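Visitor: no sequence for this one, just the structure:
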């Protein structure tokens with residue numbers, strides 16, 4: 001049972017044309033660390049490989065623009081433990097059987113190799129590979145219509161429908177790494193008119209959120225799927241477990257940036273004056289004003 005609950009990470013490597021090359025596991029000597037943010041996506045991932053400085057697979061699996069997918073198998077997503085992890089670590093992954101029923105797994109990250117650096121330090125040799133999430137592609141791909149124009153106007157359309165059309169135009173322009181599903185982009189039941197002028201996809205997504213009703217956000221998930229959803233701020237929908245989801249946590253409560261009274265002065269004659277107070281906070285901590 002102990003073998004089943006250990007986390008096992010696998011880095012599947014593909015060519016830019018999505019031809020499977022190999023799977024990294026035994027020679028990976030680093031733990032995966034990356035951030036995923038709202039109104040964005042997955043950030044940078046560093047992978048250290050225990051390989052020789054002058055023989056590390058350059059131009060084969062270690063090559064710029066190669067696709068990297070990080071997968072994990074553990075107790076949370078393993079539904080069938082009829083085979084040991086030893087078999088799973090070798091034959092099952094090396095032949096690239098995605099739907100093999102012996103074990104289940106989940107994809108945590110997708111991106112492309114943007115840099116690699118062979119390291120020789122005395123007798124220590126390793127390769128540091130830098131992988132960037134596909135949200136980075138959204139920051140340098142420009143929205144264009146079918147004629148190549150970078151000024152695109154949408155009139156009286158739902159922001160969600162606009163986002164879908166922007167991704168459709170990106171894919172018609174040769175883009176393959178970013179997509180959407182029918183349920184990933186929500187319609188807001190509102191209509192807007194907006195002109196994009198020489199904007200990147202990420203800038204377009206930010207503009208769309210600003211056109212949506214309150215509480216909408218976007219992100220690109222580890223598979224490259226774009227989401228536009230409205231957040232639920234009324235209740236928590238996920239519980240974090242110490243020792244499982246949380247490895248380190250430090251929280252600080254401070255008073256330096258507290259504001260419990262805001263003063264506003266506007267135009268007019270006489271000048272408009274408004275004051276907003278949070279009485280309970282003032283009773284507990286005193287008055288902290290801001291104008």
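Guide: Thanks, I have the structure now. All figures in this text were calculated on a predicted structure; none of them were measured in a lab.

Visitor: Tell me where the protein has helices.
Guide: Using DSSP state H, the helices found in the chain span residues 2-5, 85-87, 93-94, 135-138, 159-172, 201-211, 279-285.

Visitor: okay, these, which one's buried deepest?
Guide: Stretch with highest mean neighbour count among the helices of the chain: helix 135-138 (a mean of 23; mean count of other Cβ atoms under 10 Å). C-beta here means a position set from N, CA and C on the backbone, and glycine is covered the same way.

Visitor: what mean pLDDT does it have?
Guide: For helix 135-138, mean pLDDT rounds to 90.

Visitor: any low-confidence regions in this protein?
Guide: Residue ranges of the chain with pLDDT under 70: 1-6, 74-104, 233-237, 266-272.

Visitor: out of the helices of the chain, which comes closest to residue 48?
Guide: When the helices of the chain are compared for distance to residue 48 using Cβ to Cβ, the nearest one is helix 93-94, at 19.8 Å.

Visitor: how far away is the nearest residue to residue 36 once chain neighbours are set aside from residue 32?
Guide: Closest residue to residue 36 apart from its sequence neighbours, by Cβ to Cβ, 6 or more residues apart in numbering: residue 42 at 4.8 Å. Using Cβ to Cβ, to the nearest Å, one obtains 11 Å as the distance from residue 42 to residue 32.

Visitor: hey, where'd the strands end up in this structure?
Guide: For the chain, the strands defined by DSSP state E cover 8-14, 20-24, 40-41, 44-49, 67-73, 106-121, 124-133, 151-157, 192-197, 216-220, 226-230, 261-265, 273-277, 289-290.

Visitor: Quick check, residue 246 in contact with residue 239.
Guide: No - the pair residue 246 and residue 239 fails to qualify as a contact (Cβ atoms under 8 Å) at a distance of 10.8 Å.

Visitor: more crowded one of those two?
Guide: A direct count of neighbours by other Cβ atoms under 10 Å for residue 246 and residue 239 places residue 246 higher, at 9 against 6.

Visitor: The residue lying closest to the more buried one once chain neighbours are set aside: neighbouring residues, count only.
Guide: Distances taken as Cβ to Cβ, 6+ apart place residue 240 nearest to residue 246, at 5.4 Å, with adjacent residues excluded. By the criterion of other Cβ under 10 Å, residue 240 has 9 neighbours.

Visitor: and what of residue 213?
Guide: By other Cβ under 10 Å, neighbour count at residue 213 equals 10.

Visitor: shouldn't residue 167 be in contact with residue 228?
Guide: No - here residue 167 does not reach residue 228: they are 10.3 Å apart, not a contact under Cβ under 8 Å.

Visitor: hang on, residue 126 packs against residue 46?
Guide: No - checked against Cβ under 8 Å, the pair residue 126 and residue 46 is beyond contact range at 11.4 Å.

Visitor: Kindly point out which residues are neighbours of both of residue 42 and residue 32.
Guide: Residues touching both residue 42 and residue 32 by Cβ atoms under 8 Å, 6 or more residues apart in numbering: residue 109.

Visitor: how about residue 130, what does it touch?
Guide: Counting by Cβ under 8 Å, 6+ apart, residue 130 has contacts 44-46, 113-117.

Visitor: which of the residues you listed lies closest to residue 286?
Guide: For the contacts of residue 130, the minimum distance to residue 286 (Cβ to Cβ) is 43.1 Å, reached by residue 44.

Visitor: Flag every buried residue along stretch 31-42.
Guide: Of the residues in stretch 31-42, 32, 34, 36, 40-42 count as buried by neighbour count, 16 or more other Cβ atoms under 10 Å.

Visitor: and it, how far from the chain's centre?
Guide: Taking Cα atoms, centre = their mean, to the nearest Å, one finds stretch 31-42 lying 5 Å from the centre of the chain it belongs to.
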